[in-house]
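Undergrad: Got a predicted structure plus its sequence, pasted below:
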Amino acid sequence: MFYLRVALSLIGFLAASIYGVVIAVFRRDKKLVAHDYAQMMVKLMRPPLGLKTRIVGKENLSKAQPCIYVANHQSAYDVPVLAELYPAGTVVIGKKELAHIPFFGWIYRITGNIMIDRKDNERAVGRLREAELAIQTRGVSVWIFPEGTRGKGAGELLPFKKGAFYMAIATGAPLVPVVAAPLRPLFSLEQRHLRSGTVEVRVLDPIPTTGLTDKDLPALIESTRTAMSAALKEMAVIPT
């Protein structure tokens, strides 16, 4: 059943991606394409996985705009979990390898999202400056996974990269932490393990950055990570 359910979810992802390509081609307002594509992924990918979410603090998504959303990163399962929260007019910062995913990579690029090469630090920094410019001139929000890669331990955060926090200080945009409960009780690709259940996701209060300087960077990273880590330890998925 594991392989069947995963396969059906991947078929849902493919169907949603074809839908995303169609609306990307014909819709003039590209700001809504990524949002509508994300909502379609939720509708088509979740049912085969038996996945539901319980959102706490959803009102914090739109309290301060533009902003920088910082979310924990666990697995490919993040897509159907977090897609429901993806706000219109937001760009995502992700690794350049995403460009190779059929349909998804093309939609990712055409809707203004930013890909960075984690092996090329100079270029990565340049792309983050591009994101800063998007916040300042286009008024878009940015979604980033500050761990930089998938966390290994259930319920634990990796050390945060500095990029999102430099960006917040440079633009004055508030940080909005998004925390998804540990997914391992429901999903493990390595162990071929998949259970239906409800995942709690918390959108924490915005963290203001106006007036901060680079000297405040370590404290900003620490306070954000502490808040997210505390929320993560309180949360649990609910198998059904």
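TA: Thanks, I have the structure now.
Undergrad: Packing partners of the longest helix along the chain?
TA: Assignment by DSSP state H gives helix 2-26 as the longest helix of the chain. Other elements packing on helix 2-26 under the criterion 3 or more C-beta pairs under 8 Å, 6 or more residues apart in numbering; DSSP states H and E are helix 33-49, helix 104-110, strand 193-194. The C-beta positions use only the backbone N, C-alpha and C, and glycine is treated the same way.
Undergrad: For Y77, find the nearest of the ones you listed.
TA: Among the helices and strands packed on helix 2-26, the nearest to Y77 by C-beta to C-beta is helix 33-49 (7.8 Å).
Undergrad: what does that closest one rub up against?
TA: 5-6, 8-9, 12-13, 15-17, 19-20, 23-24, 27, 51-52, 77, 79-80, 83-84, 86-90, 92, 107, 110-111, 113, 187, 194, 196 (C-beta atoms under 8 Å, 6 or more residues apart in numbering).
Undergrad: Now list the buried members of those residues.
TA: When those are checked for burial by 16 or more other C-beta atoms under 10 Å, the buried set is 6, 9, 12-13, 15-17, 19-20, 23-24, 51, 77, 79-80, 83-84, 86-87, 89-90, 92, 107, 111, 113, 187, 194.
Undergrad: one step back: what's the longest helix of the chain in contact with?
TA: 30, 33-34, 36-37, 40-41, 43-50, 79-80, 102-104, 106-107, 110-111, 192-194.
Undergrad: Of the residues you listed, select the buried ones using a ChimeraX command.
TA: Those of these that count as buried under 16+ other C-beta under 10 Å are selected in ChimeraX with:
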select :33,34,36,37,40,41,44,45,46,47,48,49,50,79,80,103,104,107,111,194
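Undergrad: Need the mean per-residue confidence for whichever strand or helix holds E222.
TA: Remark: E222 resides in helix 217-234, with elements defined by DSSP states H and E. For helix 217-234, the mean per-residue pLDDT is 95.
Undergrad: Please list the residues outside that helix that contact it.
TA: With C-beta under 8 Å, 6+ apart as the test, helix 217-234 has contacts from 70, 72, 146, 155-157, 160, 162, 165-166, 168-169, 175, 177, 179, 181-182, 202, 204, 207, 209, 212.
Undergrad: ok, of those residues, which come out buried?
TA: 70, 72, 146, 155, 157, 160, 162, 165-166, 168-169, 175, 177, 179, 181-182, 202, 204, 207, 209, 212.
Undergrad: Keep only those of those residues that are in helices.
TA: Among the buried ones among the contacts of helix 217-234, the ones falling in helices (DSSP H) are F165, Y166, A168, I169.
Undergrad: biggest separation within the residues you listed, which pair?
TA: Y166 and A168 (7.4 Å).
Undergrad: By mean pLDDT, flag the weakest helix or strand of the protein.
TA: Scoring the helices and strands of the chain by mean pLDDT, DSSP states H and E places strand 238-239 at the bottom, with a mean of 66.
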